[in-house]
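Peer 1: here is the input, now give the coordinates:
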Amino acid sequence: MTVFLVGAGPGDPGLLTRRGAELLSRADVVVHDRLVDRSLLALVRTGAELVDVGKWPGHSRGAGSAGQQDEINALLIEHGRAGRLVVRLKGGDPFLFGRGGEEVEALVRAGVDCEVVPGVPSAFAVPAIAGVPVTYRGLAAAVTVVTGRVGDPGGPSSVDWAALARGGGTLVILMGVATRAEIAERLMAGGRAPDTPVAVIERGTTAAEVRITTTLKELGRLSVQSPAVVVVGPVAALDLGRRVGPLAGWRVVVTRATERAGPLADALAGAGARVMFLAVIETTEPADGGTALRKAATAVSDYDWVAFTSASSVERFVPLLRDGRSFGRTRIAAVGGRTQDALAAYHLIADLVPEQTSASGLAEALVAASGPGRVLFPRAAGAGPDLPDGLAAQGWRVDGVDAYETVRAPAPSDALLAEASRADAITFTSPSTVAAYLAFCDQAGVSAGVPAVVACLGPATARAARAAGLEVAVQAPGATVDALVGALVAYRRAETNK
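Peer 2: Residues are numbered from 1 along each chain as shown. Take a look at the predicted model:
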């Protein structure tokens, strides 16, 4: 097989190339950097091995040292020789200060096939999305991309800042946060005017993006956090960035599990919002390891209906069947569109989909569709009683079986929680997301940890948020992603028109 060096782009997961996404969906092993957006890992197929080389013991800052780079090279060679399809997922573009060249050389020497899949480089994408064109007629006819290395100008891999100062044009500096004061001094000593405009773009292309416009003289005094792109030159004074859509200018937090966050994030981004991913839950095997679910799958044809109330339940249950014929005469009920889509991926069509997208709505639709029967209900562990209670009250028999369990994700950093608290809105898609988010805030001691606008998917989630003391500003009329985003848009328009 082949090792693919794939550029993940500048931060926004929507800027990954189609080729990169396709390879992630097929990979056996994904070796990824620390700064790669976590939502990209949701594209990886179930069962693939994920290796975070930014969190190896003793190497908390990623592949910065020669020693760790050797370890990464050896890892890629090992998996490549074993015949696996390996994706080396690197921020930005693999060949732009990404040490991709060293990895390719190591693979070639070892006789392992490799291919480079370019990524959208942060040096150009981050300024562009922030409204800074790196070239502009009459202001800049050339652009130089440079690392923020300082030291002996005559040393190996050194940067001749004096020559760059004399050369004119736009300078785009990557990895220059720690050395920004010395860089500014060297550029001014080389002839750049102290009042030269400078744009500093922190966490560019993401929901947490911050752009600061300053001058070369003031750059060293600025409070800046990594990662950041620094643009030096007249173009840095321009502000041509514009986002369109009813949620333009808003940052919205998505707390959903990573593997389920994509549709909601896409809908929010389509409405103009900047999406901040903060997965507080994840799905795992049920406590019994799936024993009860596998047993239920062998008896599926004994039931009148199988009721699915989530895409996750479909994806956990259907692969246990031999094929679609296992259902026999058993009919299939799906709670809504996303669950229908999950069934369609297995070439299954739901016999019943309620108008009201909720567990109680599904129960009412089943009662209206046929007389009392026997229902198999693959569910999340601890799922609410709306469907079984609603059917039992009408004489139905419901056999619930745990298909998966929702647990808290690894705790996010205090800085990420603090950043989320400053967003314009936060979305909760289940009671478990409410509980997990607030628990993380309590652990971190984040005061006022919830953005002003709380938006909830469905009545059960809204009840959980209110019970926790939150003021719910937006409650979707239906339990769908489109309904939630539509309700958030309606809320913002109403507030704007006040």
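Peer 1: and Val472, how far from Thr427?
Peer 2: Distance of Val472 to Thr427, computed by CB to CB, to the nearest Å: 11 Å. Every C-beta, even on glycine, is put in place using the N, C-alpha and C of the backbone.
Peer 1: list the residues that contact both of the two?
Peer 2: Counting by CB atoms under 8 Å, 6 or more residues apart in numbering, the residues touching both Val472 and Thr427 are Ala455, Cys456.
Peer 1: show me which of the two is the more surrounded one.
Peer 2: Thr427 (28 against 17; other CB atoms under 10 Å).
Peer 1: how much space between the more buried one and Glu259?
Peer 2: From Thr427 to Glu259 the distance is 16 Å (CB to CB).
Peer 1: next: Val29.
Peer 2: Val29 is 18 Å from Glu259, by CB to CB.
Peer 1: and for Gln68?
Peer 2: 29 Å.
Peer 1: give me the neighbour count for Ser370.
Peer 2: So Ser370, with other CB under 10 Å, has 12 neighbours.
Peer 1: list the residues that contact the residue lying closest to it once chain neighbours are set aside.
Peer 2: Spatially, and ignoring its direct neighbours in sequence, Ser370 is nearest to Asp304 (7.3 Å; CB to CB, 6 or more residues apart in numbering). For Asp304, the contact set (CB under 8 Å, 6+ apart) comprises Thr330, Arg331, Ser370, Gly373, Arg374, Val375.
Peer 1: which among those count as buried?
Peer 2: Thr330, Arg331, Gly373, Val375 (16 or more other CB atoms under 10 Å).
Peer 1: ok, now how distant is the closest residue to the first one other than its chain neighbours from Arg329?
Peer 2: Setting aside the residues directly before and after it, Thr330 is nearest to Tyr303 in space (CB to CB, 6+ apart), at 5.1 Å. Tyr303 is 10 Å from Arg329, where distance means CB to CB.
Peer 1: domains in the chain, as residue ranges please.
Peer 2: Here the domain parsing of the chain from automatic domain parsing is 3-120, 124-237, 251-280+409-496, 291-405.
Peer 1: what packs against the longest strand seen in the chain?
Peer 2: As assigned by DSSP state E, the longest strand anywhere in the chain is strand 397-408. With contacts taken as 3 or more CB pairs under 8 Å, 6 or more residues apart in numbering; DSSP states H and E, strand 397-408 sits against strand 281-284, helix 291-298, helix 311-317, strand 374-380, helix 386-392, helix 431-444.
Peer 1: among these, which comes closest to Arg203?
Peer 2: helix 431-444 (19.2 Å; CB to CB).
Peer 1: tilt between the closest one and strand 397-408?
Peer 2: 30 degrees (axes from the mean of the first three to the mean of the last three CA atoms, to 10 degrees).
Peer 1: next, the angle from helix 431-444 to strand 374-380.
Peer 2: Going by the same axes, to 10 degrees, helix 431-444 makes 20 degrees with strand 374-380.
Peer 1: CA atoms of helix 431-444 as PDB?
Peer 2: Coordinates of each C-alpha in helix 431-444 appear next as PDB, following Å, rounded to 0.1, in the frame of the first residue of the first chain:
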ATOM      1  CA  PRO A 431     -29.500  16.300  27.500                       C
ATOM      2  CA  SER A 432     -26.100  14.600  27.700                       C
ATOM      3  CA  THR A 433     -24.400  17.500  25.900                       C
ATOM      4  CA  VAL A 434     -25.900  19.900  28.400                       C
ATOM      5  CA  ALA A 435     -24.700  17.900  31.400                       C
ATOM      6  CA  ALA A 436     -21.200  17.200  30.000                       C
ATOM      7  CA  TYR A 437     -20.600  20.800  29.000                       C
ATOM      8  CA  LEU A 438     -21.600  22.200  32.400                       C
ATOM      9  CA  ALA A 439     -19.600  19.600  34.200                       C
ATOM     10  CA  PHE A 440     -16.500  20.500  32.300                       C
ATOM     11  CA  CYS A 441     -17.100  24.200  33.100                       C
ATOM     12  CA  ASP A 442     -17.400  23.400  36.800                       C
ATOM     13  CA  GLN A 443     -14.200  21.300  36.700                       C
ATOM     14  CA  ALA A 444     -12.300  24.100  35.000                       C
END
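Peer 1: ends of stretch 382-400, what's the gap?
Peer 2: 11 Å (CA to CA, to the nearest Å).
Peer 1: in that stretch, what's buried?
Peer 2: Ala383, Gly384, Asp386, Leu387, Pro388, Gly390, Leu391, Trp396, Val398, Gly400.
Peer 1: list just the nearest of those residues to Phe317.
Peer 2: Nearest to Phe317 among the buried residues of stretch 382-400, counting by CB to CB, is Gly400 at 12.3 Å.
Peer 1: ok now stretch 413-422, how far from the chain's centre?
Peer 2: 16 Å (CA atoms, centre = their mean, to the nearest Å).
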